[in-house]
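A.B. asks: I need the structure of the sequence given here:
(chains A and B)
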Amino acid sequence: MNELFKASRESVGGCEVIRAVGEVDLSTTSELQAQFDALPESSKVVVVDLSQVTFLDSTGLNALVSAQKRLRMRSDDHELRLVVTQPQILKVLEITGLSDVFPIFADVEAATAK
Amino acid sequence: MPGLDNPTAAATSGALEAASPVSLTIPGAPEFFLVARMSARAVATCLDADVDQIEDLRLLIDEVCTLSGEGSTSTSRMTLTYSWDAHYLEVRCIASDVGDALEDHESRAARELSGMILEALCEDFSIEHNEHGTRSVWFRLRRPGT
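C.D. replies: Below you'll find the model as predicted:
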């Protein structure tokens, strides 16, 4: 159990929603990765709720990119969506160009409604 | 120097010109990167950085720890040194007793993202791989708070 970061998963409206809370760095990325590894094979749309993530570094970004690639390898219409509300998280996505790679939503409701 | 004879006054007035450089040594394990980020927040706060600048410095410090600490072992150590003048803040992270960086696809992709973050947030940076298991990452940015 890492006090710095927690992640959980639930199904919402046919989507798999991974809720992340805390700081994502080299010491905690494995917990986020574990959530991706545990996704059902049938997962088509995966939403990662980063609204309660207060720090995200390159290792966390790389985990998101890898998960997106794995989903896309199954089918082109499989997708990883992000919920981002913290400005510093949006900024790191923007400066790495990943804000153009992931569909970004303001809340889980919007991310699962599409 | 104002405040040197009165530490309380120095702390409350922000008279920290005499404090540069600041150094922190931590084990090379990623669990200690949080401590490095806390040092970034402390230094940035002392320099009157705004919230965005504090977050930028936290991210930069985390990235230099990640980059310099690749191939860390239980005996690895990292020393972060912050130094600043009226115009610039420089940080050097020297990791000792580190092995070779992994060259698999995942590691290269993560390094590429690190590089993009450093490129975007600092004025200049360098990564030096030295002999004897030492790796050094340095960056400079315009001093926060100015």
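
A.B. asks: Quick check: B:R37 vs B:D56, distance?
C.D. replies: Counting by C-beta to C-beta, to the nearest Å, the gap between B:R37 and B:D56 amounts to 12 Å. Every C-beta, even on glycine, is put in place using the N, C-alpha and C of the backbone.

A.B. asks: same question but for B:P27, I mixed them up
C.D. replies: In terms of C-beta to C-beta, B:P27 sits 25 Å off from B:D56.

A.B. asks: what's across from B:R142 in the sheet?
C.D. replies: B:Y88 (DSSP bridges).

A.B. asks: Give me the pLDDT for it.
C.D. replies: The confidence metric pLDDT takes the value 94 at B:R142.

A.B. asks: Spit out the contact partners of the closest residue to B:P27 other than its chain neighbours.
C.D. replies: Take B:P27 and drop its neighbours on the chain: the residue closest to it by C-beta to C-beta, 6 or more residues apart in numbering or on different chains is B:R77, 6.3 Å away. For B:R77, the contacting residues are B:25-28, B:95-97, by C-beta atoms under 8 Å, 6 or more residues apart in numbering or on different chains.

A.B. asks: What does the residue positioned nearest the centre of chain B show for phi and psi?
C.D. replies: Taking C-alpha atoms, centre = their mean, the centroid of chain B lies closest to B:I61, which sits 3.9 Å from it. Main-chain torsions, B:I61, degrees, to the nearest 10: phi -60, psi -40.

A.B. asks: Where does the residue lying closest to it once chain neighbours are set aside sit: helix, strand or coil?
C.D. replies: Nearest residue to B:I61, sequence neighbours excluded (C-beta to C-beta, 6+ apart): B:A40, at 4.1 Å. Assigned with DSSP: H, G, I helix; E, B strand; the rest coil, B:A40 falls in the helix class.

A.B. asks: Next SSE downstream of the longest helix seen in chain A?
C.D. replies: Secondary structure of chain A per DSSP state H: the longest helix is helix A:58-74. Counting by DSSP states H and E, the next helix or strand C-terminal to helix A:58-74 is strand A:79-83.

A.B. asks: What is the helix or strand just after that following strand packed up against?
C.D. replies: Downstream of strand A:79-83, the next assigned helix or strand under DSSP H and E is helix A:87-95. Other elements packing on helix A:87-95 under the criterion 3 or more C-beta pairs under 8 Å, 6 or more residues apart in numbering or on different chains; DSSP states H and E are strand A:45-56, helix B:51-68, helix B:105-121.
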